[in-house]
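Novice: How does the following fold in three dimensions:
(chains A and B)
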Amino acid sequence: MTDMTLTKSKRQTEQLEQTNTAVLGFWLYLMTDCVLFASLFATFVVLRHNTFGGPSGAQLFSLPYVLLETLVLLSSSFTNGLALLSAQRKQVRPTLIWLGVTFMLGATFLGLELSEFHKFVAMGDSWRRSGFLSAYYTLVGTHGAHISVGLIWMVVMALYIYKHGLGRLSLKRLRMLSLFWHFLDVVWIFIFTIVYLFGALHA
Amino acid sequence: MNPKYHLSSASSQEADMLHSPQAQHLTSLKHYVIGFIGSLILTLSAYFLSVNYVGNHNLLLIGLAILAFAQFILQLFYFLHVGHEFPPRLKLMLTCFMILVVTILVGGSLWIMFSLNNRVMPSTQQMVKYMNSQNSL
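Specialist: Predicted coordinates for the structure are as follows:
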């Protein structure tokens, strides 16, 4: 009896360790992604005054709009945390609801970003206009591409949880997803500050 | 289940503790709430600072950079749970290494590019002199 309990406990520990190793590996990927974003940030900062007669950041950006985007993404990061908490308590319905809320907020953010891009391009300020705009679209667009991938992942995750419940694998994947989503919010802090707030200063 | 890594040194009792629902979750919810409210305050103060501030540009830039960095650290600890793990703190070590690489990459690029700008761009005086020399030919 004691032996069996011990074996079970040992197996649990091993499984937990495997999960933790996998999540650590995912963390390593996120850190390399940080390096990708860092190089895009460096490019942006170098090119930010090269407007080639086109509009500067101060002329282009509307700060209240960007603040709205920021708050939406921050809230989605928070609700994503709530989804993970519900999942750890093995509550399937709240998990799915919070994932749904996170998805809606994330989709809203992406919609706001794309409509901003659309507005700029319609005014003739596309990525072909100047070095500054090329760097701007590359940096913010790369973030947006990550958000899109995160949204797809969220749908897949919700379907998986709906079908298989909250087992060990679901929890592991949900943990990775939530790391990914929080990471995107962290990157956005710097986009908000460096691209938009600093950009609005250089009138 | 929980952002704690590397259990090889942890006893099975500790592993059981990780599976027990109550204790961990209260702290986690508290973490998320602290992270959320803190980030909200920092974001809004950065926004209103940049909208309302009149005065020295450089001072404002430094202020905004500090606010952004504070929010970065806050989210790292309270959303991404860096540092809340058993030793050896691999996640924390990876994060520190990332920060080092990013600092070298961004700092180095900016240093090189701006110094290049200073060295290669001729001054107005030099340009006028050059243009005069071209006209006289």
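
Novice: When you work out contacts or count neighbours from here on, use the C-alpha atoms and nothing else.
Specialist: Will do.

Novice: Setting aside sequence-adjacent positions, which residue approaches A:R129 most closely?
Specialist: Excluding the flanking residues, the one nearest A:R129 by Cα to Cα, 6 or more residues apart in numbering or on different chains is A:G54, at 6.5 Å.

Novice: Could you report the pLDDT at that neighbour?
Specialist: Predicted confidence (pLDDT) at A:G54: the value is 89.

Novice: For burial, what's the neighbour tally of it?
Specialist: Neighbourhood size, A:G54 [other Cα atoms under 10 Å in any protein chain shown]: 16.

Novice: How about A:S134?
Specialist: Counted with other Cα under 10 Å, the neighbours of A:S134 add up to 19.

Novice: for chain A, which spans come out with low pLDDT?
Specialist: Low-confidence segments of chain A (pLDDT under 70): A:1-2, A:202-203.

Novice: Could you pull up the mean pLDDT of stretch B:107-120?
Specialist: 88.

Novice: in stretch A:131-150, what's buried?
Specialist: Using 16 or more other Cα atoms under 10 Å in any protein chain shown as the test for burial, stretch A:131-150 gives A:131-140, A:143-144, A:147, A:150.

Novice: Break chain B into its domains for me.
Specialist: B:1-86, B:89-137 (automatic domain parsing).

Novice: on that earlier part again, among the buried residues of stretch A:131-150, which are within reach of chain B?
Specialist: Contacts with chain B are made by none of those, judged by Cα under 8 Å from any Cα of the partner chain.

Novice: Tell me which of those residues fall in helices.
Specialist: Among those, the members falling in helices (DSSP state H) are A:131-140, A:143-144, A:147, A:150.

Novice: Which helix or strand contains the residue nearest to A:R129?
Specialist: Taking DSSP states H and E as the definition, A:G54 sits outside all helices and strands.

Novice: For it, grab phi and psi.
Specialist: phi -80, psi -170 (degrees, to the nearest 10).

Novice: Assess the claim that it and A:S130 are in contact.
Specialist: Yes - assessed by Cα atoms under 8 Å, A:G54 is found in contact with A:S130 at 6.5 Å.

Novice: Next up, the contacts around residue 71.
Specialist: Since you didn't name a chain, this refers to chain A. The contact partners of A:L71, taken as Cα atoms under 8 Å, 6 or more residues apart in numbering or on different chains, are B:L40.

Novice: Let me rephrase: I mean chain B.
Specialist: A:189, B:38-39, B:42-43.

Novice: what's the answer for A:W127, then?
Specialist: Residues in contact with A:W127 (Cα under 8 Å, 6+ apart) are A:133-137.

Novice: Which stretches in chain B count as helices?
Specialist: For chain B, the helices defined by DSSP H cover B:12-19, B:21-52, B:57-78, B:90-120, B:124-135.

Novice: For A:G111, which of those is the nearest?
Specialist: Ranking the helices of chain B by distance to A:G111, with Cα to Cα as the measure, places helix B:21-52 first at 20.9 Å.

Novice: Show me how far the closest one is from its chain's centre.
Specialist: Distance of helix B:21-52 from the chain centroid (Cα atoms, centre = their mean, to the nearest Å) equals 16 Å.
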